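Visitor: only geometry, no sequence info:
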Ligand SMILES: [Zn+2]
Ligand SMILES: [Zn+2]
């Protein structure tokens with residue numbers, strides 16, 4: 001367990017979003033985080049999956065002893081706060097039991113920037129109740145690093161299918177007792193097969209089930225190239241979740257994300273006017289992966305007795321989440337639309 005005491009007052013310092021410093025929440029003293037000594041690395045997947053490893057679900061929670069107040073906190077998070085004095089705590093994740101984060105994309109969006117992102121989001125929601133503005137107070141917002149897997153892979157895919165080519169025929173038909181002709185488009189199908197290949201870079205898979213994946217996907221794209229080699233300092237003062245999706249499962253999800261891209265390649269390769277793809281058999285080579293921590297603000301707010309969840313990309317400020325609809329505003333909009341239709345009808349009648 002690691003804590004970072006302030007050099008001037010001894011309190012525990014936190015990583016300040018948008019900076020490269022640890023900042024003391026009490027006296028404001030800053031400590032620079034050392035520049036990275038190495039680049040972010042990809043890890044070969046095949047040798048890794050042959051290593052013995054405990055399933056992540058069977059790992060015991062981390063036990064943190066707060067250096068500030070001495071309280072013991074148990075948590076399955078990599079970083080958390082002391083349950084008693086809320087000092088930031090960061091676990092040492094050097095043990096061989098779990099995959100260690102390779103990279104972290106540090107928070108760039110701080111609380112004022114978060115409020116601004118939420119204000120823009122709330123004001124651009126159609127038919128939102130006025131209470132949605134409450135979300136901009138972001139009181140319940142907490143900063144969380146969520147585990148994500150990235151996969152690189154070369155793929156070679158053999159496919160079979162059909163290429164369709166259009167041609168036109170002249171058909172005769174009867175209308176009102178007359179014989180007429182018309183042009184009709186038909187498709188002639190030819191067998192097609194071939195091979196396509198592609199290299200996928202950083203296919204991103206969410207490694208936790210605790211936050212709705214639909215929302216997280218809407219926070220893409222991530223500026224992954226701005227990620228830093230993992231340093232526990234970036235986690236201080238922010239919550240960090242342990243992954244729950246094993247890397248092997250993540251790879252299956254990554255293949256599912258690659259499949260539609262590969263199918264598009266097959267269709268392009270088949271050519272013609274239309275394509276049918278009957279089978280695709282893909283082999284993967286040079287597969288590498290890494291565990292990344294991505295910064296996300298997570299909050300919930302209450303409206304009419306229901307909880308709505310909102311997430312914000314801690315790097316780009318893009319917002320995704322649930323929002324309530326105002327029945328009053330929708331009814332008023334419908335009323336205005338009906339009024340406009342009525343006015344148009346009246347105008348039309350008067351002009352006749
Ligand atoms: Zn201090
Ligand atoms: Zn404490």
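Guide: Here it is on my side, so go on. Model, not experiment: these values are computed from the prediction. Residues are numbered from 1 along each chain as shown. Ligands and ions are numbered 1, 2, ... in the order given.

Visitor: Residue ranges in the protein under the pLDDT threshold?
Guide: Judged by pLDDT under 70, the chain has its weakly predicted residues at 95-96.

Visitor: can I see the domain layout of it?
Guide: Dividing the chain into domains by automatic domain parsing, as the record does, gives the ranges 14-158+194-321, 161-193.

Visitor: Would you tell me which one of those is buried the most?
Guide: Among the domains of the chain, domain 14-158+194-321 has the highest mean neighbour count (mean count of other CB atoms under 10 Å), at a mean of 17. Backbone N, C-alpha and C define where each C-beta goes, glycine included.

Visitor: does ligand 1 sit close to that domain?
Guide: Yes. Using CB under 5 Å from the ion, we find that domain 14-158+194-321 touches ligand 1 at 24, 26, 27, 29.

Visitor: Once you drop chain neighbours, what's closest to residue 5?
Guide: Sequence neighbours aside, residue 12 is the residue nearest to residue 5 in space, at 6.1 Å (criterion: CB to CB, 6 or more residues apart in numbering).

Visitor: Who are the contact partners of that neighbour?
Guide: 3, 4, 5, 6, 67, 68, 87, 88, 236 (CB atoms under 8 Å, 6 or more residues apart in numbering).

Visitor: So which of those are in helices?
Guide: Among those, no member is found in helices (DSSP state H).

Visitor: could you dump those to JSON lines with distance to ligand 2?
Guide: Formatted as JSON lines, the contacts of residue 12 follow (distance: CB to the ion, whole Å):
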{"residue": "3", "distance to ligand 2": "9"}
{"residue": "4", "distance to ligand 2": "14"}
{"residue": "5", "distance to ligand 2": "12"}
{"residue": "6", "distance to ligand 2": "14"}
{"residue": "67", "distance to ligand 2": "8"}
{"residue": "68", "distance to ligand 2": "4"}
{"residue": "87", "distance to ligand 2": "5"}
{"residue": "88", "distance to ligand 2": "10"}
{"residue": "236", "distance to ligand 2": "14"}
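
Visitor: and of those residues, the nearest to residue 45?
Guide: residue 236 (30.7 Å; CB to CB).

Visitor: from memory that closest one sits against residue 11, does it?
Guide: No. Counting by CB atoms under 8 Å, residue 236 stays clear of residue 11, with 11.8 Å between them.

Visitor: ok, and what's touching stretch 263-279?
Guide: Residues contacting stretch 263-279 (CB under 8 Å, 6+ apart): 157, 159-166, 187, 189-190, 192, 194, 196, 198, 280.

Visitor: Swap in 6 Å and give it another go.
Guide: 159, 160, 161, 162, 163, 164, 165, 166, 187, 192, 194, 196 (CB atoms under 6 Å, 6 or more residues apart in numbering).

Visitor: Now do the closest residue in space to the third one that isn't next to it in sequence against residue 165, distance only.
Guide: Closest residue in space to residue 161, ignoring its immediate chain neighbours: residue 277 at 4.3 Å, by CB to CB, 6+ apart. Noted for residue 277: a distance of 16 Å to residue 165, by CB to CB, to the nearest Å.
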